[in-house]
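Novice: Sequence first, then the predicted structure:
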Amino acid sequence: MAEINMLQAINDALSMAMEIDDKAILFGEDVGHFGGVFRATSGLQDKYGRDRCFNTPLTEQGIAGFANGLASNGMTAIAEIQFADYIFPAIDQIVNETAKFRYRSGNEFNVGGVTFRTPYGGGIAGGHYHSQSPEAYFTQTAGLKVVVPRNAYQAKGLLLASIRDKNPVIFFEPKRLYRANIGEVPDGDYEIELGKAEVVREGKDITLLAWGAQMEIIEKAADMAAKEGISCEILDLRTLAPWDVETVATSVKKTGRLLINHEAPLTGGFAGEIAATIQEECFLYLESPISRVCGLDTPYPLIHEKEYMPDALKTFEAIKASVTF
Amino acid sequence: MSNATSQNETVHRVSFLDRDSVNIPILKILQADGTVYENAVLPAIDEALAHKIYDTCVFTRVLDERMLGAQRQGRISFYMTCTGEEASIIGSAASLDNDDVILAQYREHAALRYRGFTTEQFMNQLFSNEKDLGKGRQMPIHYGSSELNYQTISSPLATQIPQATGVGYSLKMQGKRNIAICYFGEGAASEGDFHAGLNMAAVLKSPTIFFCRNNGYAISTPTSEQFMGNGIASRGPGYGMHTIRVDGNDMLAVLAATQQARAYAVENNAPVLIEAMTYRLGAHSSSDDPSGYRSKDEEAKWQQHDPVKRFKLWMINKGWLTEKQDSELFEKYRSEVLAEVKVAEKLPMSSVDTLIEDVYDTPTPRLKQQLEMLKTHIKKYPKSYPNSEGSV
């Protein structure tokens, strides 16, 4: 067990996946000798050779299509898209090919061996094109799994599970935590089951739900609320598709209230899907409307990043409004 | 049905085209010592044009040096230099009409300067203040000006390539004798948008210059890991496009090639591909450290091909510039940039009301509601939102 940051945990998971599975191939823009613009793949080309860890030409649609080809023929494809903001040239390959490969062929072929890793989210003064949280574009696409870790420990276990899952996974990495999040991570191999939310903190008055980098935000808001005598139960959804309705519903039945927080804009965001499902599951248990604390319905701004973000203060205010409804 | 494939010779035994079978000459006019090659055909250039070009070179050098410094001091969040590529950018920009539309990638601020973007305007964008034309919404270096026909920079690579095809076509439809010019790097040429844009331009006869700055690297990825063909120029004939390769560190060669490319595009309503062979002397951006992927020796070798120095020597040889005038020019811009930094960094940022502007032509009711809720929240916690504290 060592204290490492999230990038090191990801690097560790990638190395372990490649060591155990000699069919695993890692590629993307600048991931080779240089080790990626965030250094997530540092040292892996030296360890596993240029045939298994390499730079691709600068083409996301090419990277995604190549990954589909590898996986369709029995390989484990681990592809990096340098920023989630740049995943869109690949969207045809991901939405129409990756997601439907198994279904359209009646399971004659599948690309379950594909994992797309991509850094997402704001908080780094990155403006429109280095800050977006595009998860909802993919949660609406049947056939894809969508996973987001909140810390170094979770990143390693969830990434290993994603790479080994029999379905294609998009693994969104919260880049503002890459170096900021440091925690104890086991040296050995372990997986965290996909499709399972985690109760991070138990409470009785309201359930707070988020994923990825927003987890530390709702935890901060919960601490503020605790000083006002409000007890928050905190859940990390971890996998957005398929998501763990049962764990969320069980919590909401207990607390009677739900607040969902995500960085992506409010309208069409994944919180809407959660809210609709939970009001069906928990209608008679709800004591206040389900609250969404999300990004504004604007492109991600540079100078007004602070104003745009669903921060701890906004979450705190929404908690109070929910409890006093 | 017809097939556009040219009627070529027929053979009766297997014969492959060799990957090196395409020979692409490189246009060079100016030598390292500032003299021109024997028999070289010079572009149209007089003393006034030469001064405007050189002035832009010096301004760009000073801006890049000072603003990279400002980034290191934490005064701005991000910066990108174009050091080493000035001849490619300014030589091409100087061959255009002011009504030709520029679609740049992100490293072509020298072309914007050539068009007349003021030092103050640069600073307003870099410091994201309330006078920034882009309202402080994008990272530093994402300039744009409709007045100067320079479309606002978008970080995603190569998206501007098919757009340039559309802009060129629209100029043709509007009956203007103008063109679009599209700048991009050799890395961006791997994106699908490159293929889409060039093929459509040729088929639809769009008067557009596709100007590739082949500077050797896409962040860390060298050209040897980017493509196996003979550069980017070899693709031009495949699209049925007029194509030329130039020494991108040779101001006169770039000028000559682009002047003629423009004339051809206007006369024939057709696209042209220019590949400028150059070198990115600086890092990819202020977030990058090239020591992780290339040697100091390699950089030193390219320092000897400094395009600004080469052009300066030519001007001195012509008797159009003296060392003293050159030093004075650098000093003038150093003072000017410094003075404008001091003004720009003190200006406030755009008010929080601008946050919902321009999402649509007018803000939707939902956006107005979100803004009101935000402002109520900021009023409650003004110290937590220092940029907006004063504007709610």
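Specialist: That came in fine, so what should we check first?
Novice: Which residue ranges make up each domain of chain B?
Specialist: In terms of domains, chain B is parsed into B:26-344, B:352-391 (source: automatic domain parsing).
Novice: what about those domains, which gets the closest to chain A?
Specialist: domain B:26-344 (3.5 Å; C-beta to the nearest C-beta). Just so you know, the C-beta spots here come from the backbone N, C-alpha and C atoms, and that holds for glycine as well.
Novice: can you count the residues close to the residue nearest to B:V359 when sequence neighbours are not counted?
Specialist: Once flanking residues are discounted, B:V359 sits nearest to A:T298: 5.1 Å by C-beta to C-beta, 6 or more residues apart in numbering or on different chains. Around A:T298 sit 21 other residues, with neighbours defined as other C-beta atoms under 10 Å in any protein chain shown.
Novice: what helix or strand is A:T298 on?
Specialist: Using DSSP states H and E, A:T298 maps to neither a helix nor a strand.
Novice: give the contact list for it.
Specialist: A:T298 sits next to A:P265, A:Y308, B:L355, B:I356, B:V359, B:L367 when contact means C-beta atoms under 8 Å, 6 or more residues apart in numbering or on different chains.
Novice: Give me the secondary structure label for the last one.
Specialist: In other words, B:L367. In three-state terms, and counting by DSSP: H, G, I helix; E, B strand; the rest coil, B:L367 is helix.
Novice: Please save the CA atoms from stretch B:181-189 in PDB.
Specialist: Included here for stretch B:181-189 are C-alpha records, laid out as PDB according to Å, rounded to 0.1, in the frame of the first residue of the first chain:
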ATOM      1  CA  ILE B 181      -6.900  30.900 -46.300                       C
ATOM      2  CA  CYS B 182      -6.800  28.000 -43.800                       C
ATOM      3  CA  TYR B 183      -3.800  27.500 -41.600                       C
ATOM      4  CA  PHE B 184      -3.200  24.100 -39.900                       C
ATOM      5  CA  GLY B 185      -0.300  22.000 -38.700                       C
ATOM      6  CA  GLU B 186       0.900  18.700 -40.100                       C
ATOM      7  CA  GLY B 187      -0.600  16.900 -37.100                       C
ATOM      8  CA  ALA B 188      -4.000  18.400 -37.700                       C
ATOM      9  CA  ALA B 189      -3.800  17.000 -41.300                       C
END
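Novice: does chain A sit close to it?
Specialist: Yes. Applying C-beta under 8 Å from any C-beta of the partner chain, one finds stretch B:181-189 touching chain A at B:G187, B:A188.
Novice: pLDDT of that stretch, averaged?
Specialist: Regarding stretch B:181-189, the rounded mean pLDDT is 98.
Novice: And it, how far out from the chain middle?
Specialist: In terms of C-alpha atoms, centre = their mean, to the nearest Å, the centre of stretch B:181-189 is found 9 Å from the chain centre.
Novice: Specify the local secondary structure of B:N23.
Specialist: Under three-state DSSP, the three-state class of B:N23 is coil.
Novice: quick one: A:A64 is in a helix?
Specialist: Yes. Under three-state DSSP, A:A64 falls within a helix.
Novice: so it makes contact with A:F116?
Specialist: Yes. At 7.1 Å, A:A64 and A:F116 qualify as touching, with contact defined as C-beta atoms under 8 Å.
Novice: who touches both of these two?
Specialist: Shared contacts of A:A64 and A:F116 (C-beta under 8 Å, 6+ apart): A:A79, A:I81, A:A90, A:I94.
Novice: Counting neighbours, what do you get for the last one?
Specialist: As a burial measure, A:I94 scores 27 neighbours (other C-beta under 10 Å).
Novice: before we move on, the earlier item: most packed of the domains of chain B?
Specialist: Per-stretch averages of neighbours, counted by mean count of other C-beta atoms under 10 Å in any protein chain shown, single out domain B:26-344 among the domains of chain B, with a mean of 20.
Novice: how long is it end to end?
Specialist: One end of domain B:26-344 to the other measures 43 Å (C-alpha to C-alpha, to the nearest Å).
Novice: picking up where we left off before, and the domains of chain B: which comes nearest A:S42?
Specialist: A:S42 sits nearest to domain B:26-344 of all those, at 9.6 Å, using C-beta to C-beta.
Novice: And the helices in chain A?
Specialist: For chain A, the helices defined by DSSP state H cover A:6-20, A:44-48, A:60-72, A:91, A:101-104, A:135-139, A:152-164, A:214-227, A:245-255, A:270-282, A:305-308, A:312-323.
Novice: Now mean pLDDT too, for the ones you listed, in a markdown table please.
Specialist: Formatted as a markdown table, these follow (pLDDT from 0 to 100):
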| stretch | mean pLDDT |
| --- | --- |
| helix A:6-20 | 98 |
| helix A:44-48 | 98 |
| helix A:60-72 | 96 |
| helix A:91 | 97 |
| helix A:101-104 | 95 |
| helix A:135-139 | 98 |
| helix A:152-164 | 98 |
| helix A:214-227 | 98 |
| helix A:245-255 | 98 |
| helix A:270-282 | 98 |
| helix A:305-308 | 96 |
| helix A:312-323 | 98 |
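Novice: Looking at those helices, which one is packed in the most?
Specialist: Most buried among these, counting by mean count of other C-beta under 10 Å: helix A:152-164, with a mean of 24.
Novice: for the closest residue to B:P382 other than its chain neighbours, what are its contacts?
Specialist: Among residues not flanking B:P382 along the chain, B:E389 sits closest, at 4.2 Å (C-beta to C-beta, 6+ apart). The neighbours of B:E389, taking C-beta under 8 Å, 6+ apart as the test, are B:I378, B:P382, B:K383.
Novice: what about stretch A:145-154, how long is it end to end?
Specialist: Stretch A:145-154 end-to-end distance (C-alpha to C-alpha) = 16 Å.
Novice: Next, residue 43: phi, psi?
Specialist: Here I'm looking at chain A. phi 80, psi -10 (degrees, to the nearest 10).
Novice: What is the burial count for it?
Specialist: So A:G43, with other C-beta under 10 Å, has 13 neighbours.
Novice: which ones are touching it?
Specialist: With contact set as C-beta under 8 Å, 6+ apart, A:G43 has these partners: A:N11, A:S15, A:G35.
Novice: ok, so what distance separates the residue lying closest to A:R39 once chain neighbours are set aside from chain B?
Specialist: Excluding the flanking residues, the one nearest A:R39 by C-beta to C-beta, 6+ apart is A:L7, at 6.2 Å. Here A:L7 is placed at a distance of 15 Å from chain B (C-beta to the nearest C-beta, to the nearest Å).
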